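> could you look at this predicted model? Sequence included:
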Amino acid sequence: MNNFIEFDTSSLWAALPEIFLLSAIVVILLLDLFLDKRFKQVTYYLTQLSLLISGLLAFNLIGHPQTIIFSGSFVLDNMASVFKVFMMGATMVAMVYSRHYLRAHSLFRGEYFVLVLLSVLGMMVMISGYSLLTLYLGLEILSLSLYALIAIARERADAIEAALKYFVLGAIASGLLLYGMSMIYGISGSLNISDIASFASSANLASRETLIINFGLVFLVIGIAFKLGAVPFHMWVPDVYQGAPTSVTLLISTAPKIAAVAMLVRILVDGLGSMHAYWSDLFMVLSILSIALGSVVALMQTNIKRLLAYSTISHVGFIMLGFATGTLTGYGAATFYMLVYVLMSLAAFGVIILLNKKGFEVDQISDFKGLSKHSPWFALMMLIIMLSMAGVPPLVGFYSKFFILQQVISAGFITIAVIAVIFAVISAYYYLQIIKSMYFDEADKDITIHASIDMRLILSINAILILAVGLFPDFWMTLALSLF
Amino acid sequence: MVSLSDYLILSSVIFCIGLVGIFVNRTNIITLLMCVELILVAVNTNFIAFSHFLGNETGQIFVFFILTVAAAEVAIGLAILTLLFRNRGSISVDVTNSLKG
């Protein structure tokens, strides 16, 4: 094991975005302590700036050939860079939306931004992790900061309850994941994904070895499904989405999904890709259950955050369906779906935050009543988002579902595709319910919008992107396919 | 001589106790934290046993990290618990029931 002694600083450039972000976090954390209350905005701008620089550094690394550093525990490849850029972009947009919410509910504190940056760091480590140890550490950096972020609304009993539920279920998920990792380590003798991959794909595996790998694999799949929020490991999703402050819900529902998909790809595709026949069946079951439950239970919700939580569960089902096909194009379609989902989820929670104002928390569907009269423009934006989530052409939500189903059918699972379509149609009902509320109901309270101009602008761009990407999906699709 | 399978059986028993403890426990959230620790202990036992029998130190390094993360996790868990007590006046599992549907 000589390679543990090698430590070559000339290869550190591959981790430059992470290193920069970590230094920025330390600086911001210290600076925030000494800032006067009047200048708290500075923390926000510094946060955005460090996300931007880190994102640009990651963007600069796109197109580099695969580089593995830190004794094989950190990888830089195209997928890592592209995912990081999208994740940074999503977080920056989320922060623009959050600012309005934090001000309206007096949660504007320095530690909020530091915790967001820490969770971003965790996600970057997860995306680039190439050994089970790095992946686990990234996951924990992410999860621990998210628990604290939810609990940042100290006076709200619901937020604390959500934080506690997320904490307990997240800890169980980590435990299961670790148990699976220990099994994989025990049989393959290594934590590095590349070693595990060469072990798992070697031709002369004894049946006993395959059995142990499968045993570990089940735990790994459960752990990943927990983090993604797939049925039957979805219990935390609705509670956390509803209880957490909306700006934190917005963050949880977007960027961590990118990181979770990256972890899935690293462990199951890069590492145990040759065991695909065993995990794809599990994925099939999980994804159909998620699509079904996400579509049906959402019908009864009146709380819009809870409704979007169930909608997330059904979207996660589609993403997992793409991975279940086991083809490279299937993985590409799933990645495309994930990026599209992040775009739509950002915009949907953005509109909810937009309607928030001092002392008024928007979380019911009925809060959207009569929005079209007060603000036709943002009602139109919400219309686009909801139709896209329901999968209506020519919006991008249609193409993402279409690509997934195309891959599922060409992999020969026609029944599964039919079931998925039926539930997608059922789910259209609750998206249309929101649209009905906006356009056909009379407002029963004052819904004037107080958001600042930057938020309105970014939100409009975000929603228009849903339409634009839907009209020209080629570039995004090619990008997603080129990652595998 | 204790064999590898003995360690694995021990760890799976501890793991199951932890997991069952989380789901049947209805009284106190501190017990939940203890069950989570049990799960992590089971994983650590696994890693150390494998590491010993494979003659490979990587597993033991992993255990150090798990211990560190577990400490941080419990710190955050207890902080959330304190907040829950302040808001609800109790740390029974039954008080965490306002979010449902």
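Yes, it's here.

> mind listing what's buried along stretch A:428-439?
Using 16 or more other C-beta atoms under 10 Å in any protein chain shown as the test for burial, stretch A:428-439 gives A:428, A:430-431, A:433-435, A:437-439. Where C-beta positions appear, they are placed from N, C-alpha and C, glycine not excepted.

> any idea which helix is longest in chain B?
When chain B is parsed with DSSP state H, its longest helix is helix B:58-88.

> that helix packs against which elements?
For helix B:58-88, the elements it packs on are helix A:132-150, helix A:157-188, helix B:29-54, judged by 3 or more C-beta pairs under 8 Å, 6 or more residues apart in numbering or on different chains; DSSP states H and E.

> looking at those helices, which is nearest to A:Leu264?
Closest to A:Leu264 of those is helix A:132-150 (C-beta to C-beta; 10.3 Å).

> show the average pLDDT along that closest one.
Model confidence over helix A:132-150, given as mean pLDDT, is 96.

> so which of the buried residues of stretch A:428-439 comes closest to chain B?
Taking C-beta to the nearest C-beta as the measure, chain B lies nearest A:Tyr430 of those, at 13.4 Å.

> looks to me like the closest one is in a helix.
Yes. Assessed by DSSP: H, G, I helix; E, B strand; the rest coil, A:Tyr430 belongs to a helix.

> contacting residues around it?
A:298-299, A:301, A:307, A:311 (C-beta atoms under 8 Å, 6 or more residues apart in numbering or on different chains).

> same check, this time on A:Leu481
Neighbours of A:Leu481 in contact, by C-beta under 8 Å, 6+ apart: A:328-329, A:332, A:336.

> cool, A:Ser452 as well?
A:Ser452 neighbours (C-beta under 8 Å, 6+ apart): A:99-100.

> what are the phi and psi values at it?
Torsion angles at A:Ser452 (phi, psi; degrees, to the nearest 10) stand at phi -80, psi 170.

> check A:Leu76 too.
phi -120, psi 110.

> count of neighbours near the nearest residue to it once chain neighbours are set aside?
In this structure, A:Leu76 finds its nearest non-sequential neighbour in A:Ala14, 4.0 Å apart by C-beta to C-beta, 6 or more residues apart in numbering or on different chains. A:Ala14 has 22 neighbours, counted by other C-beta atoms under 10 Å in any protein chain shown.

> show me what contacts A:Ala14?
A:61, A:64, A:67, A:69, A:74, A:76.

> so the last one is in contact with A:Phe70, correct?
No. The pair formed by A:Leu76 and A:Phe70 falls short of the contact definition of C-beta atoms under 8 Å, at 10.7 Å.

> which neighbours do the two share?
Any residue near both A:Leu76 and A:Phe70 by C-beta under 8 Å, 6+ apart counts here, and that gives A:Ala15.

> hmm, who's touching stretch A:384-404?
So stretch A:384-404 is contacted by A:311, A:315, A:318-319, A:321-322, A:330, A:333-334, A:336-337, A:340-341, A:343-344, A:347-348, A:351, A:420, A:424, A:427-428, A:431-432, A:434-435, A:463-464, A:466-467, A:469-471, A:473, A:477 (C-beta under 8 Å, 6+ apart).

> for stretch A:324-337, same thing?
For stretch A:324-337, contacts defined as C-beta under 8 Å, 6+ apart pick out A:261, A:265, A:269, A:276-277, A:280, A:283-284, A:287, A:315, A:318-323, A:400-401, A:403-404, A:406-408, A:410-411, A:413, A:473, A:476-477, A:480-484.

> could you list the buried residues of it?
So stretch A:324-337, judged by 16+ other C-beta under 10 Å, has buried residues A:324-327, A:329-337.

> swap in stretch A:98-110?
Buried residues in stretch A:98-110 (16+ other C-beta under 10 Å): A:98-105, A:107-108, A:110.

> how long is that stretch from one end to the other?
End-to-end distance for stretch A:98-110, by C-alpha to C-alpha, to the nearest Å: 13 Å.

> what's the average pLDDT for that stretch?
Averaging pLDDT along stretch A:98-110 yields 89.

> which residue packs closest to residue 83, ignoring adjacent ones?
Went with chain A since none was named. Using C-beta to C-beta, 6+ apart, the closest residue to A:Phe83 is A:Ile127 (4.8 Å).

> please refer instead to chain B.
Distance criterion C-beta to C-beta, 6+ apart; nearest residue to B:Leu83, sequence neighbours excluded, is A:Ile160 at 4.7 Å.

> ok, that neighbour touching B:Phe85?
No. When contacts are counted by C-beta under 8 Å, A:Ile160 is not listed as touching B:Phe85 (9.4 Å).
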